[in-house]
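> okay, sequence plus prediction incoming.
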2 protein chains.
Amino acid sequence: MQLNNASLEQLRSWETELSAAYESIKAKKLNLDLTRGKPSSEQLDLSDALDGILQGNYTAADGTDTRNYGGLDGLPEAKQLGAHIMGVEPANILVGGSSSLTLMFQVALTAYLFGLKDAASAWKNEPDVKFLCPVPGYDRHFTICEQLGIKMVTVPMTATGPDMDKVESMIKADASIKGIWCVPKYSNPTGVVYSNEAVDRIAKLGLIASANFRVFWDNAYSVHDLIDHAPELSSILDACRRNGTEDSVIQFASTSKITQAGAGVAFIAASAANLTGIKKALSACTIGPDKVNQIRHTRFLPDRTALMNHMKKHANLLNPRFEAVLTALNNAFAGTDLGAWEKPVGGYFVSFDTRNNCAKETVRLAAEAGVKLTPAGATFPYGKDPEDRNIRIAPSVPTVPEVVGAMEVFVTCVKLASVRNAIAKLA
Amino acid sequence: MQLNNASLEQLRSWETELSAAYESIKAKKLNLDLTRGKPSSEQLDLSDALDGILQGNYTAADGTDTRNYGGLDGLPEAKQLGAHIMGVEPANILVGGSSSLTLMFQVALTAYLFGLKDAASAWKNEPDVKFLCPVPGYDRHFTICEQLGIKMVTVPMTATGPDMDKVESMIKADASIKGIWCVPKYSNPTGVVYSNEAVDRIAKLGLIASANFRVFWDNAYSVHDLIDHAPELSSILDACRRNGTEDSVIQFASTSKITQAGAGVAFIAASAANLTGIKKALSACTIGPDKVNQIRHTRFLPDRTALMNHMKKHANLLNPRFEAVLTALNNAFAGTDLGAWEKPVGGYFVSFDTRNNCAKETVRLAAEAGVKLTPAGATFPYGKDPEDRNIRIAPSVPTVPEVVGAMEVFVTCVKLASVRNAIAKLA
């Protein structure tokens, strides 16, 4: 199917066929959900040994009684776990509560209101504060900016990371740009792994950006590979060290999609100066995070081998679901002008770009046929996809047959929305 | 010992005796700690069954899989546990992470930066924001104000709660007062339980205060009784309802001193309007709190009877320690003019007022003799006790013989500091 040069007659014939197909799908009264990046029950089962793992031994390796107050930046063994996940040294790790999103908010708040370095460095002192947002991106990042009144400026994602020419020229031209959101491995939602060049150029942004600029490096899928010889993300911290820009990047991760979602352990990796600033602000709002949950996790995932073996079990559950999505997309759209997508080898999403002005209608049609999709526009700041193209597909929760069924609906809805849109343009 | 009318000669003779006693104590090279209100290991042992209590069943009563994302305001059964602890209805409860201090910071931040009602209601829009701080009080409350740039104004604590005549007249006179910190039961550090009259007058503050005024009601010790027929704190929410001021009070509590300190479950109790405002702000920084820990706690403390029986076990461990403190104070200072204290029947502290200008020196002398006390001044905003009198004694962690030993040092140090101070004034 090629719509660009199709006649109105041809389009109308396709529309008739697709409408019939759509009506027969609707008659099935499906109830399927491809909305959010959550682990499935089977994935969660993999970590059920967490409860009871302590066998009455609540004492950390250094003798800390994890049942009592204290330990603002985490137990040594929990820092080691974070270091395994994030590929840094334990000294660069701060262990937080159970949510990396909360840590991102706290760091953004600290940078905005209190200053990561000192009160004078607070972004609120500036006349204007902006963040670069590679799009499509993660809606909850955008919400943090919106909540703090930080203006968002979009920059396109490419197959190797954000469009770095644009990122660099925008930062050089505008001193009010104080940060950029990055999901460097299996980017949410495109699944892209940033190239070594992209990582290197991001590490150098601290050399051209205005004061107090910070890269928010959300490494949410650092060990979430779907294949054996997964692409390696090069170390942003090493690149920063080479360029003397250690303070320009703050990294985040959690075990939410490793053990239990929302009940795991979250981490920050940062320079000594940034850790000092973050800890100072944190000390005003907590005596310390839940250390009992920290040792539960370190006993469950005692070393890097245990971690990677555990992640393989996740991959075994996720792989058939991703294959179902990619096979459906390939069968329906390879060689057509109806859509474009990346083929992720990790993470939680497949990102699909429809023809212009077809995403919202596709999502609406799918919902009417019993398949919930993330609202179109959610992957853009303020929920506004200017070309109305991007749809995020999250296949982790449904069973494989459910994914197959949902993709049948999805494919039909994309085609129907596209054909109707093409007709409207010609008619 | 009465210092007020003692002759210089008498004082010097006491000084000689006390110096000798102090030197012999110092020679013992003690290493004891009465600083922070933490549970002892034995107290923490009482909740060791938490780990493993789920027996593989991670499903909440309403079918929620607690291992997955979601549930911003908590599981229904966790709200019920919070309701038991705080004496309110589950509908008024929000269940947070593991720290009530964090919830207090988040609510203060929300009121300050985002507005609990709407953006126009944010305290930051005011030329000046002040909080009333009954003193002595809790240092971590003061730190939250300091962090947010909220000015603190002290008001004296009495044996029945804050001096309400002063509180009311200050609020009437100054529209920039936007809040007051209260620890209404077993107040930190005086151990006072607010009288029914005090609770009622606090519930009426919303009628005389300027817009967006909030009482921060930190009910940290709501079920932490040391005696069987403990004084009852009357319900602030009921009092507010009678006066149409439900939105003027936000209550906080946690299980930190019920189960595991820093690894328990924390709660807010508030009006529907306040809960809406709080949830709106929370939704920008978290997908939801750790629900696995919530069901651990609800399985461990399934009803009010289980909760109160559990608290009796804490009382049995705490009581001899409090008795050791109160006996030492009574033996040394009853009928003297060297100090004053309340006799708490719950909570974690005994608050001792020395003669003016003797607290710092007492703490210094005790430290030199191997007994760590909370720094003098810590119970006042900005760490400044204007009369240098208040010392907070926290006896929960040491063993009973250790408390006895520490109090022997304490008593000697108070006497020595007092006598030396009296000599300096006369000489």
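Nice, I can see it.
> chain neighbours aside, what residue packs nearest to residue A:270?
Closest residue to residue A:270 apart from its sequence neighbours, by Cβ to Cβ, 6 or more residues apart in numbering or on different chains: residue A:250 at 4.8 Å. No exception for glycine: its C-beta is placed from N, CA and C like everyone else's.
> tally of neighbours for the one you found?
As a burial measure, residue A:250 scores 26 neighbours (other Cβ atoms under 10 Å in any protein chain shown).
> what sits against residue A:67?
By Cβ atoms under 8 Å, 6 or more residues apart in numbering or on different chains, the residues touching residue A:67 are A:58, A:291-292, B:44, B:47, B:260-261, B:263.
> gap between it and residue A:294?
Distance check for residue A:67 against residue A:294: by Cβ to Cβ, to the nearest Å, it reads 12 Å.
> same check, this time on residue A:100
For residue A:100, the distance to residue A:294 - Cβ to Cβ - is 14 Å.
> mind pulling up the pLDDT for residue A:24?
Note on residue A:24: pLDDT of 96.
> elements contacting the helix or strand hosting it?
If you go by DSSP states H and E, residue A:24 is part of helix A:8-26. Helix A:8-26 is packed against helix A:400-426, with contacts defined by 3 or more Cβ pairs under 8 Å, 6 or more residues apart in numbering or on different chains; DSSP states H and E.
> and stretch A:19-29, how far from the chain's centre?
33 Å (Cα atoms, centre = their mean, to the nearest Å).
> ok, stretch A:87-96 next?
Counting by Cα atoms, centre = their mean, stretch A:87-96 comes out at 20 Å from the chain centroid.
> report the buried residues of it.
A:87-88, A:90, A:92-96 (16 or more other Cβ atoms under 10 Å in any protein chain shown).
> list the residues that contact residue A:230.
For residue A:230, the contact set (Cβ under 8 Å, 6+ apart) comprises A:345-346.
> then it would be within a helix, right?
No: with DSSP: H, G, I helix; E, B strand; the rest coil as the criterion, residue A:230 is located in coil rather than a helix.
> any idea how far apart the tips of stretch A:251-270 sit?
From its first residue to its last, stretch A:251-270 covers 6 Å (Cα to Cα, to the nearest Å).
> nope, stretch A:98-114 is what I was after
Stretch A:98-114 end-to-end distance (Cα to Cα) = 23 Å.
> what's the mean pLDDT across that stretch?
Mean per-residue pLDDT for stretch A:98-114: 98.
> and that stretch, how far from the chain's centre?
With Cα atoms, centre = their mean, you get 16 Å for stretch A:98-114.
> now the strands for the stretch 151-300 of chain A?
Remark: strands of the stretch 151-300 of chain A, listed N- to C-terminal, are A:151-158, A:161-162, A:177-182, A:214-218, A:249-254, A:266-269; assignment by DSSP state E, counting those that start in this stretch.
> C-alpha coordinates for the fourth one, CSV please?
What that stands for is strand A:214-218. What follows is strand A:214-218, C-alpha atoms only, in CSV (Å, rounded to 0.1, in the frame of the first residue of the first chain):
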residue,chain,number,x,y,z
ARG,A,214,22.7,19.7,33.9
VAL,A,215,22.0,16.7,31.7
PHE,A,216,19.3,14.5,33.3
TRP,A,217,20.5,11.1,32.2
ASP,A,218,17.6,8.7,32.9
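> neighbouring contacts of it?
By Cβ under 8 Å, 6+ apart, the list of residues contacting strand A:214-218 reads A:100, A:104, A:107-108, A:111, A:116, A:138, A:141, A:178-184, A:188, A:202, A:205-206, A:236, A:248-253.
> for ChimeraX, what selects the buried ones among those?
Remark: buried members of the contacts of strand A:214-218, expressed as a ChimeraX selection using 16+ other Cβ under 10 Å:
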select /A:100,104,107,108,111,116,138,141,178,179,180,181,182,183,184,188,202,205,206,236,248,249,250,251,252,253
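> which secondary element of chain A has the worst mean pLDDT?
strand A:32-34 (a mean of 93; mean pLDDT, DSSP states H and E).
> next structured bit after that strand?
Next helix or strand after strand A:32-34 toward the C-terminus (DSSP H and E): helix A:41-45.
> what is that following helix packed up against?
For helix A:41-45, the packing partners by 3+ Cβ pairs under 8 Å, 6+ apart come out as helix A:304-333.
> what's the angle from the helix it packs on to helix A:400-426?
Interaxial angle, helix A:304-333 versus helix A:400-426 (axes from the mean of the first three to the mean of the last three Cα atoms, to 10 degrees): 40 degrees.
> what helices and strands are in contact with helix A:304-333?
Contacts defined by 3+ Cβ pairs under 8 Å, 6+ apart place helix A:304-333 against helix A:41-45, helix A:76-86, strand A:339-341, strand A:350-354, helix A:400-426.
> can you convert those into TSV and add a column each for mean neighbour count and mean pLDDT?
Output for the helices and strands packed on helix A:304-333, formatted as TSV (neighbours: other Cβ atoms under 10 Å in any protein chain shown; pLDDT from 0 to 100):
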stretch	mean neighbour count	mean pLDDT
helix A:41-45	17	98
helix A:76-86	23	98
strand A:339-341	18	97
strand A:350-354	24	98
helix A:400-426	21	97
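> so for residue B:120, which of the ones you listed sits nearest?
strand A:350-354 (38.5 Å; Cβ to Cβ).
> can you name the residues in contact with that closest one?
A:136, A:189-191, A:322, A:325-326, A:329, A:338-342, A:344, A:362, A:379, A:388-393, A:395, A:414, A:417-418.
> circling back to that earlier point, and the helix holding residue A:24, what's buried?
A:11, A:14-15, A:18, A:21-22, A:25.
> nearest to residue A:172, of those?
For the buried residues of helix A:8-26, the nearest to residue A:172 is residue A:11 (45.8 Å; Cβ to Cβ).
> and the gap between the closest residue to residue A:87 other than its chain neighbours and chain B?
Nearest residue to residue A:87, sequence neighbours excluded (Cβ to Cβ, 6+ apart): residue A:235, at 5.9 Å. Residue A:235 is 28 Å from chain B, where distance means Cβ to the nearest Cβ, to the nearest Å.
> try residue A:212
Relative to chain B, and taking Cβ to the nearest Cβ, residue A:212 is found at 19 Å.
> for that residue, the count of nearby residues, please.
Residue A:212 has 20 nearby residues by other Cβ under 10 Å.
> next: residue A:296.
For residue A:296, the count of nearby residues is 28 (other Cβ under 10 Å).
> now do the least confident helix or strand of chain A: everything it contacts.
Under the criterion Cβ under 8 Å, 6+ apart, residues A:370-374, A:393-395, A:397-398, A:402-403, A:405-406, A:409-410 lie in contact with strand A:32-34.
> show me which pair in these is furthest apart.
The span of those, defined through Cβ to Cβ, is set by A:374 and A:405 at 17.9 Å.
> what parts of the stretch 101-250 of chain A come near chain B?
Applying Cβ under 8 Å from any Cβ of the partner chain, we find that the stretch 101-250 of chain A lies next to chain B at A:101-102, A:105-106, A:109, A:113-114, A:140, A:143-144, A:146-147.
> buried subset of those residues?
A:101-102, A:105-106, A:109, A:113-114, A:140, A:143-144, A:147.
> closest to residue B:226 out of the strands of the stretch 151-300 of chain A?
Closest approach to residue B:226 among these is made by strand A:266-269 (37.4 Å; Cβ to Cβ).
> and the closest one, what does it pack onto?
Packing partners of strand A:266-269 (3+ Cβ pairs under 8 Å, 6+ apart): helix A:76-86, strand A:93-95, helix A:100-109, strand A:249-254.
> ok, residue A:25 touching residue A:411?
No: if you go by Cβ atoms under 8 Å, residue A:25 and residue A:411 don't touch, sitting 10.1 Å apart.
> what about the residue nearest to residue A:270, distance to chain B?
From residue A:250 over to chain B the distance is 16 Å, taken as Cβ to the nearest Cβ.
> from the residues of the stretch 101-250 of chain A next to chain B, which two are the most distant?
Longest span within those, Cβ to Cβ: A:114 and A:140, 22.0 Å.
> got a pLDDT number for the residue nearest the centre of chain A?
In chain A, the centroid-proximal residue (Cα atoms, centre = their mean) is residue A:188; its distance is 3.5 Å. Residue A:188 carries a pLDDT value of 95.
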